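J.: attaching a predicted model along with its sequence, questions to come.
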Amino acid sequence: KNPIVVVDWIVGQSDRSLSDPLPLPCEHQSRLSDVLRQVWKLHGFQDDQDADATIAETIMHAAFDDPQQMTLDRVSMSQLKNMLLDPMRQPVQNKRYHLLVSLAEAETLRRIAHTDMGKDQPALAPSSSAFALRLLDSFETPMDVSGGYQPGPPFQRNRAEQLLRFFNCDTNFNSMQLNLLVKGLQHDEIHLRARFFESVSRCRRRADTGNWRLQPIGEIG
C-alpha cells in the first residue's frame, strides 16, 4: 500500500486574511427564502412576524453542526437568512491549499523544510510560506510541520478532509461529515458528483464501492 500524504500549504504566512464567500446563485437564494417561509408557516408565523429564537437555533444547528444559543428572544426571517449566509460561520483562509503528494515527495519536503540554507537562500519560496504534512487517516494531527506553520480555520481543514475522503472513494460518512462534504461540492451538479465517484471507484480494488448508492455517500449523488 502506498500512502498518500496531504500537504497543508500556506503561500505567504503574512496573508492571514479570510477569502470572500462564494456567491450564492440567485436561484439558491430564492429557494432559501421559500424554505424559510415554509418554516415560518409551519410554526404559525406570518412572514413579517418574528419567530422564537429556539427555531433559529434548530436551523443553525442543522446547517452548521454547531449549536449556538441565540442572544435574542425573537428572530425575524431576514435576520435568520443573514445569519445563514454569514461567511464568518464558514471561514476560509486565503492562499491556503491542500495538495496530495506521494510518500517520496513528502520525505523530500520534510528534508527541505528542516535544512538550514542560510538567510540568503530560504528553504521555501516565498520565504514566509509554511506547510504541514498530514495523513488522511489521522488528518487532524500533522505528522510534521515546517517552521512558522500556523493551523487554519477548523472549517476549512475539516471540509478539505471530507473532500479528500470523497476523492479516495470512501463510502462511510456520518451526518456531520456529509454536511461538510456537501458544502465542498455544493457548486457541482449532482449527476457530475456521481459520475466522478463512479469513474474513480472503478480504478480501485474495492468491493464495497459497487453499491455506493446504498451507503451513506449515496446521499450526495
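T.: Yes, it's here.

J.: could you export the helix or strand of the chain with the lowest mean pLDDT as PDB, CA atoms only?
T.: Ranked by mean pLDDT, DSSP states H and E, the helix or strand of the chain with the weakest confidence is helix 53-64, at a mean of 84. Taking Å, rounded to 0.1, in the frame of the first residue of the first chain, the C-alpha atoms of helix 53-64 are listed here in PDB:
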ATOM      1  CA  ALA A  53     -35.200  32.000  18.900                       C
ATOM      2  CA  THR A  54     -35.400  28.300  19.500                       C
ATOM      3  CA  ILE A  55     -36.500  27.800  15.900                       C
ATOM      4  CA  ALA A  56     -33.500  29.700  14.600                       C
ATOM      5  CA  GLU A  57     -31.200  27.700  16.900                       C
ATOM      6  CA  THR A  58     -32.500  24.400  15.500                       C
ATOM      7  CA  ILE A  59     -32.000  25.600  11.900                       C
ATOM      8  CA  MET A  60     -28.500  26.900  12.600                       C
ATOM      9  CA  HIS A  61     -27.500  23.700  14.300                       C
ATOM     10  CA  ALA A  62     -28.800  21.700  11.200                       C
ATOM     11  CA  ALA A  63     -26.900  24.000   8.800                       C
ATOM     12  CA  PHE A  64     -23.600  24.200  10.700                       C
END
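
J.: contacts for the next helix or strand after it?
T.: Next in sequence after helix 53-64, counting helices and strands by DSSP states H and E, comes strand 74-75. The list of residues contacting strand 74-75 from outside it, by CB atoms under 8 Å, 6 or more residues apart in numbering, reads 50, 51, 52, 53, 55, 56. Every C-beta, even on glycine, is put in place using the N, C-alpha and C of the backbone.

J.: which stretch of helix or strand covers the residue nearest the centre of the chain?
T.: Among the residues of the chain, residue 159 comes closest to the average C-alpha position under CA atoms, centre = their mean, at 1.9 Å. Taking DSSP H and E as the criterion, residue 159 maps to helix 154-167.

J.: how far does that helix sit from its chain's centre?
T.: With CA atoms, centre = their mean, to the nearest Å as the basis, helix 154-167 stands 5 Å off its chain's centre.

J.: next one: stretch 96-109
T.: Relative to its parent chain, stretch 96-109 has a centroid offset of 20 Å by CA atoms, centre = their mean.

J.: quick check: buried residues in that stretch?
T.: Neighbour-count burial for stretch 96-109 flags 96, 98, 106, 109 (criterion: 16 or more other CB atoms under 10 Å).

J.: looking at the contacts of strand 74-75, which is nearest residue 78?
T.: Closest approach between those and residue 78, by CB to CB: residue 50, at 10.2 Å.

J.: in the sheet, who's paired with the closest residue to the closest one other than its chain neighbours?
T.: Among residues not flanking residue 50 along the chain, residue 74 sits closest, at 3.7 Å (CB to CB, 6 or more residues apart in numbering). Bridge pairing for residue 74 (DSSP bridges) gives the partners residue 52.

J.: residue 132 bridge partners, please.
T.: Beta-bridge partners of residue 132, as defined by DSSP bridges: residue 8, residue 145.

J.: do you know how far it is from residue 103?
T.: Counting by CB to CB, to the nearest Å, the gap from residue 132 to residue 103 is 16 Å.

J.: could you pull out the strands for the protein?
T.: Here the chain has its strands, by DSSP state E, at 5-10, 51-52, 74-75, 96-101, 130-135, 144-145.

J.: now those in JSON lines, with mean pLDDT and distance to residue 84?
T.: JSON lines is the format used below for the strands of the chain (pLDDT from 0 to 100; distance: least, CB to CB, whole Å):
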{"stretch": "strand 5-10", "mean pLDDT": "93", "distance to residue 84": "28"}
{"stretch": "strand 51-52", "mean pLDDT": "92", "distance to residue 84": "14"}
{"stretch": "strand 74-75", "mean pLDDT": "92", "distance to residue 84": "11"}
{"stretch": "strand 96-101", "mean pLDDT": "93", "distance to residue 84": "24"}
{"stretch": "strand 130-135", "mean pLDDT": "93", "distance to residue 84": "30"}
{"stretch": "strand 144-145", "mean pLDDT": "92", "distance to residue 84": "34"}
